[in-house]
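S.K.: Attaching a predicted model along with its sequence, questions to come.
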Amino acid sequence: MTALDSRPLAPEDVRGLIRPDRVHGSVYTSPEVFALEMRRIYREGWVYVAHESEVPEAGDYVTRRIGGDPLIIARGRDGQVRVLHNRCAHRGNRLCSADRGNANSFRCHYHGWTFGNDGSLVAVPMKDGYADRLDDVKDRLGLAPAARVDSYRGFVFASLEGTDISLAEHLGRATGAIDRLCDLSPTGELTLTAGWMKHYNRCNWKMIMENNVDGYHALFTHKSVYDAVRPAKVSHVPSKVQVLVRDLGGGHTEIDYAEEYTRLDEEFVWFGRAPRESMPEYIAAMEAAYGPERTHRTLVLGPPHTLIFPNLFLAELNIMMVEPLAPGETVAHYTPALLDGAPEMNRKALRRTEGALGPAGFLLADDGEIAERNQRGLAAHQPEWLELSRGVESDIANETGTVNYDKSAETPQRGFWKQWQSVMGEAK
Ligand code: FES
Ligand code: FE
């Protein structure tokens, strides 16, 4: 693999870094691999960029960085949500520096060009300098839009440079996980309005994403949690419970407690076994919307624990998106998945988010530390490969994807890497 150091990556180089049951260490450390990921996965493919509830009113915007590209996601006067490159079309200044706000237009700090929130160039100071070419300049020099934008139940995705497949094709079976989350709201809507917590980690972005669906590490990485708090909602010893891991296809993967919860047939096992009497308005709103039977089933099943390739994680009642900065640097963004029309649930959910994921939280600190140690370990070049064969003999292909009834199986990791290899190793 020394070839990686000396010449640009060819598709066959990339394909050689992944085997069905292991991956080469350089996929986490190589600048060439990282540069190719940003192009193939983050700029050409579909990536999650924002949620419609973050920009509910005309003029609302948020800024994001996707694959290194700064973006503005703005709702125009026409109600449309646009994804625009946050780069002045004159000489490249970053146009908007705020995380979020409301503006009908953005004025560049450098020479004062003004762009509408639909991306059009609306004003150029001292316009005489362009003589009779001003209209032409205005037509040509709007903010560059993402090539494709589409959404599913409020989750907005973009392909910055364009891809042949539709969002529906990209999401495939993963739409079921989004449905499962939205169905917990009596209106079927989420409101991601609590703000985002940002965790900076000195590790590769894929370590964080893979760990999200790793059912093997909890007893060890989170030992202090189990020592400190009362027993977990269900046993984490894999052989005792019907918890499965699943490769949904397309790099989307999950840990699924549905069968275990269905067997228990008890509501809110996933929510600290909160009694339904503690949320009478929520229960009433759910039953009014869906009827008692479906409400019971929804509250037994709870939210998904699903990675949506490449950068979105439905973390039960939280949403996480990952922002790669460099091969060994990542920002992970978290926000609680607040349910529209469910203030009682949301109050409790907020406290749980703070406890698990906040700056003084007890769960995420463990995962962040282990990811950084992982990156440091990979500075050693031997052994060259990371082993992902756990449970390969007990993978079962069925109509839901590839499942494994051993929660500790590395089935999700194998699914993630299969997609990575197909996108990154495609000859173009
Ligand atoms: Fe924006 Fe000149 S770079 S106006
Ligand atoms: Fe963890």
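M.R.: That came through, no problem. Residues are numbered from 1 along each chain as shown. Ligands and ions are numbered 1, 2, ... in the order given.

S.K.: in the chain, which helix or strand is least confident?
M.R.: Ranking every helix and strand in the chain by mean pLDDT, DSSP states H and E puts helix 3-6 at the bottom, with a mean of 51.

S.K.: shaky segments in the stretch 1-150 of the chain?
M.R.: In the predicted model, the stretch 1-150 of the chain carries pLDDT under 70 at residues 1-7.

S.K.: Would you mind listing what in it touches ligand 1?
M.R.: When proximity is defined by CB under 6 Å from any ligand atom, the stretch 1-150 of the chain lies next to ligand 1 at 88, 90-91, 93, 108, 110-113. For the C-beta atoms, the positions are set from N, CA and C on the backbone; glycine is no exception.

S.K.: Confirm residue 261 sits in a helix?
M.R.: Yes - read with DSSP: H, G, I helix; E, B strand; the rest coil, residue 261 is one of the residues of a helix.

S.K.: Quick check: the gap between it and residue 305.
M.R.: Remark: distance between residue 261 and residue 305 (CB to CB, to the nearest Å) = 12 Å.

S.K.: can you pull out the strands in the stretch 301-428 of the chain?
M.R.: 305-308, 312-315, 318-326, 329-336, 338-339, 385-387, 396-398, 401-404 (DSSP state E, counting those that start in this stretch).

S.K.: helices or strands next to the last one in the packing?
M.R.: Strand 401-404 sits against strand 244-249, strand 396-398, helix 411-424, with contacts defined as 3 or more CB pairs under 8 Å, 6 or more residues apart in numbering; DSSP states H and E.

S.K.: Out of the ones you listed, which one sits most buried?
M.R.: Mean neighbour count (mean count of other CB atoms under 10 Å) peaks for strand 244-249 among the helices and strands packed on strand 401-404, with a mean of 24.

S.K.: Give me the residue at the spatial middle of this protein.
M.R.: Central residue of the chain (CA atoms, centre = their mean): residue 312, 1.1 Å from the mean position.

S.K.: Which pair in the residues of the stretch 1-150 of the chain next to ligand 1 has the greatest spatial separation?
M.R.: Farthest pair in these (CB to CB) is 91 and 112. Separation: 12.1 Å.

S.K.: related to what we said a few turns ago, is the residue nearest to the centre of the chain in a bridge, and if so with what?
M.R.: residue 308, residue 321 (DSSP bridges).

S.K.: Look up how far residue 51 lies from it.
M.R.: 10 Å.

S.K.: Check residue 293 too.
M.R.: Taken as CB to CB, the span from residue 293 to residue 51 is 29 Å.

S.K.: okay, these two: which has more neighbours?
M.R.: The neighbour count for residue 293 versus residue 51, taken as other CB atoms under 10 Å, is higher for residue 51 (24 against 9).

S.K.: What residues are bridge-paired with the more buried one?
M.R.: Under the criterion used (DSSP bridges), residue 51 bridges to residue 155.

S.K.: End to end on stretch 257-274, go ahead and measure it.
M.R.: Using CA to CA, to the nearest Å, one end of stretch 257-274 lies 17 Å from the other.

S.K.: Identify whichever of the strands of the stretch 301-428 of the chain lies nearest to residue 182.
M.R.: Closest to residue 182 of the strands of the stretch 301-428 of the chain is strand 338-339 (CB to CB; 8.5 Å).

S.K.: What is the closest one packed up against?
M.R.: Applying 3+ CB pairs under 8 Å, 6+ apart, one finds that strand 338-339 contacts strand 190-191, helix 343-357.

S.K.: Just put the ones you listed in JSON lines and tack on distance to ligand 1 and mean neighbour count.
M.R.: What follows is these, written out as JSON lines (distance: least, CB to the nearest ligand atom, whole Å; neighbours: other CB atoms under 10 Å):
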{"stretch": "strand 190-191", "distance to ligand 1": "34", "mean neighbour count": "22"}
{"stretch": "helix 343-357", "distance to ligand 1": "38", "mean neighbour count": "17"}
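
S.K.: Using ChimeraX, define a selection of the buried residues within the residues of the stretch 1-150 of the chain next to ligand 1.
M.R.: A single ChimeraX command is used to select the members of these judged buried by 16 or more other CB atoms under 10 Å:
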select :88,90,108,113
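
S.K.: out of the residues of the stretch 1-150 of the chain next to ligand 1, which are inside helices?
M.R.: Judged by DSSP state H, helices contain none of these.

S.K.: what ranges do the helices span in the stretch 101-250 of the chain?
M.R.: 134-140, 167-171, 175-182, 205-212, 218-221, 223-228 (DSSP state H, counting those that start in this stretch).

S.K.: just those helices: most buried one?
M.R.: helix 205-212 (a mean of 24).

S.K.: Just want the angle from that helix to strand 329-336.
M.R.: Per axes from the mean of the first three to the mean of the last three CA atoms, to 10 degrees, the angle that helix 205-212 makes with strand 329-336 is 40 degrees.

S.K.: Quick one: residues in contact with helix 205-212.
M.R.: Identification of contacts with helix 205-212 by CB atoms under 8 Å, 6 or more residues apart in numbering yields 27-28, 201, 217, 305, 307, 310-311, 313, 315, 320, 322-324, 330, 332, 367, 370-371, 374-375, 412-413, 416, 420.

S.K.: Could you rerun that using 6 Å?
M.R.: 307, 313, 322, 324, 330, 332, 367, 371, 374, 413 (CB atoms under 6 Å, 6 or more residues apart in numbering).

S.K.: Scan those and report the most crowded one.
M.R.: residue 307 leads the contacts of helix 205-212 on contacts (other CB under 10 Å) with 29 neighbours.
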